[in-house]
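Peer 1: sequence first, predicted coordinates after that:
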Amino acid sequence: MANLPDFIGINIGNYSIKAIEVRPIGDTFELLNLAQVPSANGTIENISVGNLDMPTNDLQKLLKDNNFKTRNAVFSVPESLVFSRLVNLPKVKDEEVDEAINFAMKNLIPVPLENLNIAYSFIEERKTDTNIFQSWYVVGIQKTLSDRFKDLAGRVGLNLLAIETEALALIRNIDFNYSDTGKRSFMILDFGGEYSNLVISRNGSVLYSQNISTGSNALTKIIATDLALDISKAEEYKEKAGLDANMGGGRIAKTIEPIIQIIVSEISRTLAYYNDRIGGEPVSELYVTGGGGALPKLIEYLTDKTGLKVTLVDNFRKVKLKGDLKINQLSFNVATGLALKSLELM
Ligand SMILES: Nc1ncnc2c1ncn2[C@@H]1O[C@H](COP(=O)(O)OP(=O)(O)OP(=O)(O)O)[C@@H](O)[C@H]1O
Ligand SMILES: [Mg+2]
């Protein structure tokens, strides 16, 4: 493959805005640059209502201060702002798929279809005695929201090549970095700052995604309250002790466990929903990612409580690095998946 252009993946999160610049080389990538800046309060809400001044400044600063060179960019949209559905349809001719999916979506979403850009990907085919069914993952994004992201890209001088959901970017990242174990059904926990996401993937597509309004910031807050500490000290304790019962007499672990329990019950509920309503190959693996994934003893805890095989995601397992990273790589989960989209776009 000759001289593919470089790409930036940009993930605007509630905790920080992250950017990664990669260069496609053959069937892999070289990491050229990565950086993050804290998000201003309500960045995502501001974009969704069209207040672009603050995000424009933050993004401009991030790209300029960290010397990002290319202009080709892919942006993510948080799961909470899109309509994503799993659609099962009797098999139709290729040229009729578009109409059949649009018709099905009409009954599944609360806004008029003409206000949305619809994209879909094929998941699988199932045969019954009398019929063939196909399942599709369908995403609808409000045209006004796409326009706001285009506007933002224009303001910071980026060439916006695509917008996609965080769930799709996460799956691409994990499929790319862990492809040696083959395509299969698995669950992802994206443990973020204000929010977390649970995603179930099969064959490179999304079967299910759910936004949970509990993120790792909630751990910091409860430590601060229970131990009467300021937020930065509480953050330090969280990062040092986490769920480790041997640190400081297990006080931090005990304080944060009820919040981690909320996530464990959401994982169980999602698995039960999957088994009841979606079915197929059982999900036995959980990939943990997002900044909150660095919590000490989290992987051991989730392994014990869920019975799943739990892996802490290395976003750069198969990406070529030039030297050591001095940054919590786990936060760059979505941004990496977005940057990896470059191979599909060429
Ligand atoms: N070493 C660490 N140990 C534990 N938690 C950490 C560590 N480093 C960062 N975090 C936590 O990770 C969270 C940020 O994660 P991430 O960058 O994935 O969030 P985000 O995607 O910007 O936010 P959101 O998902 O809410 O939009 C913060 O709560 C932060 O305290
Ligand atoms: Mg996030």
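Peer 2: Yes, it's here. Numbering: from 1, shown residues only. Ligands and ions are numbered 1, 2, ... in the order given.

Peer 1: counting neighbours, what do you get for whatever residue of the stretch 51-200 of the chain ends up closest to ligand 2?
Peer 2: Taking Cβ to the ion, ligand 2 has its nearest neighbour within the stretch 51-200 of the chain at residue 192, 3.6 Å off. The way it works is simple: take the backbone N, C-alpha and C, and place the C-beta from them, glycine included. Neighbourhood size, residue 192 [other Cβ atoms under 10 Å]: 28.

Peer 1: buried stuff in the helix or strand hosting residue 85?
Peer 2: Element membership for residue 85, per DSSP states H and E: strand 83-90. Residues 83, 84, 85, 86, 87, 89 are the ones in strand 83-90 that count as buried (16 or more other Cβ atoms under 10 Å).

Peer 1: okay but the residue of the stretch 51-200 of the chain closest to ligand 2 is in contact with residue 11, surely?
Peer 2: No: in this structure residue 192 lies outside contact range of residue 11 using Cβ atoms under 8 Å: 10.1 Å.

Peer 1: what sits up against the lengthiest helix in the chain?
Peer 2: Across the chain, the longest stretch assigned as helix under DSSP state H is helix 251-273. Residues outside helix 251-273 that contact it (Cβ atoms under 8 Å, 6 or more residues apart in numbering) are 187, 189, 191, 196, 198, 200, 208, 210, 212, 214, 218-219, 222-223, 226-227, 237-238, 241-245, 247, 283, 286, 297-298, 301-302, 305-306, 308.

Peer 1: if we go to 7 Å?
Peer 2: 189, 196, 198, 200, 208, 210, 212, 214, 218-219, 222-223, 226, 237-238, 241-245, 283, 301, 305-306 (Cβ atoms under 7 Å, 6 or more residues apart in numbering).

Peer 1: quick check: what element follows that helix along the chain?
Peer 2: Next in line after helix 251-273, if elements are assigned by DSSP H and E, sits strand 285-289.

Peer 1: does that following strand reach ligand 2?
Peer 2: No: Strand 285-289 is not in contact with ligand 2 by Cβ under 5 Å from the ion; minimum separation 9.0 Å.

Peer 1: relative to helix 251-273, how tilted is that strand?
Peer 2: Counting by axes from the mean of the first three to the mean of the last three Cα atoms, to 10 degrees, strand 285-289 lies at 130 degrees to helix 251-273.

Peer 1: next SSE after strand 285-289?
Peer 2: Counting by DSSP H and E, what follows strand 285-289 is helix 298-306.

Peer 1: which strands or helices does that following helix pack on?
Peer 2: helix 251-273, strand 285-289, strand 309-312 (3 or more Cβ pairs under 7 Å, 6 or more residues apart in numbering; DSSP states H and E).

Peer 1: please repeat the previous calculation with a cut-off of 10 Å.
Peer 2: Packing partners of helix 298-306 (3 or more Cβ pairs under 10 Å, 6 or more residues apart in numbering; DSSP states H and E): strand 186-191, helix 251-273, strand 285-289, strand 309-312.

Peer 1: for the third one, what does the pLDDT average out to?
Peer 2: Going back to what we said before, that points to strand 285-289. Averaging pLDDT along strand 285-289 yields 97.

Peer 1: quick one on the thing from earlier: any residues in contact with both of residue 192 and residue 11?
Peer 2: 78, 166, 331, 333, 334 (Cβ atoms under 10 Å, 6 or more residues apart in numbering).

Peer 1: among these, which two are most distant?
Peer 2: 78 and 331 (14.7 Å; Cβ to Cβ).

Peer 1: quickly list the domain ranges of the protein.
Peer 2: Per the record, the chain has its domains at 7-78+144-180+314-345, 81-142, 212-309, by automatic domain parsing.

Peer 1: residue 204: which of the ones you listed is closest?
Peer 2: domain 7-78+144-180+314-345 (5.5 Å).

Peer 1: pretty sure residue 195 sits against residue 291.
Peer 2: No: if you go by Cβ atoms under 10 Å, residue 195 and residue 291 don't touch, sitting 11.6 Å apart.

Peer 1: list residues touching both of those two?
Peer 2: With Cβ under 10 Å, 6+ apart as the test, residue 195 and residue 291 both reach 13, 15, 215, 216, 217.

Peer 1: and of those, the nearest to ligand 2?
Peer 2: Nearest to ligand 2 out of those is residue 13 (Cβ to the ion; 4.1 Å).

Peer 1: was I right to think the closest one contacts residue 196?
Peer 2: No: taking contacts as Cβ under 10 Å, residue 13 lies outside contact range of residue 196: 11.5 Å.

Peer 1: still on that earlier bit, residue 78 and residue 331: who's more crowded?
Peer 2: The neighbour comparison of residue 78 against residue 331 (other Cβ under 10 Å) goes to residue 331, with 24 against 21.

Peer 1: contacting residues around the nearest residue to the more buried one once chain neighbours are set aside?
Peer 2: In space, and not counting its chain neighbours, residue 331 is closest to residue 291: 4.0 Å by Cβ to Cβ, 6 or more residues apart in numbering. Neighbouring residues of residue 291 by Cβ under 10 Å, 6+ apart: 13, 15-16, 18, 36, 190-193, 215-217, 328-333.
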